[in-house]
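Novice: When you get a sec, could you give me coordinates for this:
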Amino acid sequence: MMESTFHGIIAFALLAGMLLLGSILRNRIGLFRNSLAPASMIGGMLGFTLLSFELIPGFKASDFETLTFHFFTLSFMSLCLTGKSKDASLSGGSVVRGGLWLTLIWTISLGLQGVIGYLVISGYDAMTGAGISEWLGAIVTHGFTQGPGQALTYGGIWEKEYGIENAAQVGLIYASLGFLVAFLVGVPMANNFIRRGLNANKASNIDEQFKSGFYNGAQVPSSGRMVSHPANLDSLAYHLGLLAVAYLITYVWLSFMQVQIKDFSAGGVNLSVLFSYNLFFLHGLAVCVVMRLVIDRCGLSHRVDDETLKRITGSSIDFMVVGTLMSIQFAVLYALLTPILLVTVTVTLVTLIGCLYFGRLSGALGPERAITAFGCCCGSTGTGLLLLRMMDADFSTSVPKELAFFNLAIIFTTFHILFFFAPIVPSLGGWNYLMVFAGTALFFLACIPLLMNFRASTTPSPLTRIKESCK
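Specialist: Numbering: from 1, shown residues only. This is a model prediction of the structure:
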């Protein structure tokens, strides 16, 4: 009886073990240490390799998907329970404004990557006569900006309903390559920002402890304060209990709404998908925001330790990244390797240039937004958080909360694509497809000047700053 319960626990133990091995390899191997590769990436790649060669008996990639999903959810819910930073010098202004910058960058990238992928494959066909479906290029945007889950979802629909051969497998390849690109390009970019002193959180600096991945005994920082007396309840268990309450509320809410909105559609779109358990983290974010507001309004903020919540967020990200890599199966299609690499390189270059440019326009915390946006546009939201953590080690800036707002906002800016057009893309035809995706990118590109004006209108005038400084 008990034997059957061990499979999931051992899967979790394998994730933890790979993180431990990754941290040791980072500490001991100069290449990893100097490249600043995070332990989660090293451990994840090690786990992926062991699974690929079937060196972990009884386990396969799919065994880690559920754990990865819940650690992703937990990372953002704990982040939204965390209070606002008390260090005003680390704030980039309005969380909404910063979140809108991330939202516009990602939305523009979603449309532009799809157009680039479609056009690159079309050009490749014209030059070689290969006859590859352009939709195998278009699906790059779902692999890069959304990750393996959405790439599999849309690719599977295109394959089953519209006969686009290998769409799901190619989508997985793009997702895997996008994830690797996010680190191969993003880690050196973050490294460069830190060396130039462009990061706002100066706690993140490249010293020997940063490189080795471990603190020296005499320089270990505090990781939080005790809230509950250990004779009553351990403080970590107390904070996990807060998150458990948020989980339960979210689960009950989704279960209730699924019954109420079952089979309800508007404009041919089944709205019940908005209350799917796959979107648990989005509803969980809202629940945690409300919970934190109630806690603060009731004067109970002293009963919540933000540093402990940050440690839960950071740990969840580590488990999520290693789990994601161990969940991916590389289905290498040798016949399509050249066009896939062409699409990947082109999309990466355009995305990198766009993130750097728009990050600079966003003002304070521009480097943090650029690196975070690049991670999100090439891997996943979790990848963006991991790259951000290199520049903002303890999540003290406002960018992590901007990222939480971003995850809600993109539902509205890309609703027409993700919930209506994406599943039926092959039926649109080339010109209609380009109009929808390019039109989306151009529309939100035109919104950039409006956001810059919003930035200017919310920036205090020099006279105002002088008056405030004299008070």
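
Novice: helices or strands up against the helix or strand hosting residue 71?
Specialist: Element membership for residue 71 (DSSP states H and E) is helix 65-81. Helix 65-81 is packed against helix 6-28, helix 235-260, helix 280-297, helix 306-327, helix 381-391, helix 399-413, with contacts defined by 3 or more CB pairs under 8 Å, 6 or more residues apart in numbering; DSSP states H and E. For every residue, glycine as well, the C-beta is placed using N, CA and C.

Novice: and the first one, which residues are buried?
Specialist: Which is helix 6-28. Within helix 6-28, the residues scored as buried using 16 or more other CB atoms under 10 Å are 11, 14, 15, 18, 19, 21, 22, 23, 24, 25, 26.

Novice: Let me know the secondary structure of residue 198.
Specialist: Three-state call for residue 198 (DSSP: H, G, I helix; E, B strand; the rest coil): coil.

Novice: contacting residues around residue 235?
Specialist: Counting by CB atoms under 8 Å, 6 or more residues apart in numbering, residue 235 touches 224, 225, 226, 227, 228, 305, 308.

Novice: so where's the longest helix in the protein?
Specialist: helix 95-128 (DSSP state H).

Novice: And the next helix or strand past that helix?
Specialist: Assigned by DSSP H and E, the successor of helix 95-128 is helix 135-138.

Novice: For stretch 441-450, list every residue counted as buried.
Specialist: Buried-residue list, stretch 441-450, by 16+ other CB under 10 Å: 441, 444, 445, 448.

Novice: That should have said stretch 129-141, apologies.
Specialist: 132, 133, 134, 135, 136, 137, 138, 139, 140, 141.

Novice: Looking at the buried residues of stretch 441-450, which has the smallest pLDDT value?
Specialist: On pLDDT alone, residue 448 ranks lowest of those, at 90.

Novice: roughly how far apart are the closest residue to it other than its chain neighbours and residue 259?
Specialist: Computed as CB to CB, 6 or more residues apart in numbering, the closest residue to residue 448 that is not its neighbour in sequence is residue 104, at 6.4 Å. Here the criterion is CB to CB, to the nearest Å. By it, residue 104 lies 36 Å from residue 259.

Novice: returning to that earlier point: burial measure for the residue nearest to residue 448, as a count.
Specialist: Each residue near residue 104 was counted by other CB atoms under 10 Å, and the total is 23.

Novice: tell me the contacts of it?
Specialist: Contacts of residue 104 (CB under 8 Å, 6+ apart): 358, 413, 444, 447, 448, 451.

Novice: one more time with 10 Å, if that's ok
Specialist: The contact partners of residue 104, taken as CB atoms under 10 Å, 6 or more residues apart in numbering, are 358, 362, 373, 406, 409-410, 413, 444-445, 447-448, 450-451.

Novice: To be precise, which single item in these has the lowest pLDDT?
Specialist: The lowest pLDDT within the contacts of residue 104 belongs to residue 451, with 82.

Novice: what comes up buried for stretch 195-215?
Specialist: Within stretch 195-215, the residues scored as buried using 16+ other CB under 10 Å are 198, 199, 200, 201, 204, 210, 211, 213.

Novice: again with stretch 287-296
Specialist: Applying 16+ other CB under 10 Å to stretch 287-296 flags 287, 288, 289, 291, 292, 295 as buried.

Novice: who touches it?
Specialist: By CB under 10 Å, 6+ apart, stretch 287-296 touches 76-84, 242-243, 245-253, 300-304, 309, 401, 404-405, 408.

Novice: could you redo the last one with a cut-off of 6 Å?
Specialist: With contacts defined as CB atoms under 6 Å, 6 or more residues apart in numbering, stretch 287-296 is touched by 77, 80, 81, 246, 249, 250, 301.

Novice: Go ahead and build a PyMOL selection from the buried members of those.
Specialist: Restricted to buried positions by 16+ other CB under 10 Å, the PyMOL selection for these reads:
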select buried, resi 77+80+81+246+249+250
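
Novice: Closest to residue 220 out of the contacts of stretch 287-296?
Specialist: residue 81 (25.2 Å; CB to CB).

Novice: where does the stretch 301-450 of the chain have low pLDDT?
Specialist: Scanning the stretch 301-450 of the chain for pLDDT under 70 picks out 328-335, 419.

Novice: cool, and the stretch 1-150 of the chain?
Specialist: 1, 84-94, 148-149.

Novice: Just put the buried residues of stretch 195-215 in a markdown table and tack on distance to residue 341.
Specialist: Listed next are these as a markdown table, based on distance: CB to CB, whole Å:
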| residue | distance to residue 341 |
| --- | --- |
| 198 | 31 |
| 199 | 32 |
| 200 | 36 |
| 201 | 36 |
| 204 | 33 |
| 210 | 33 |
| 211 | 31 |
| 213 | 32 |
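
Novice: Great, nothing more from me.
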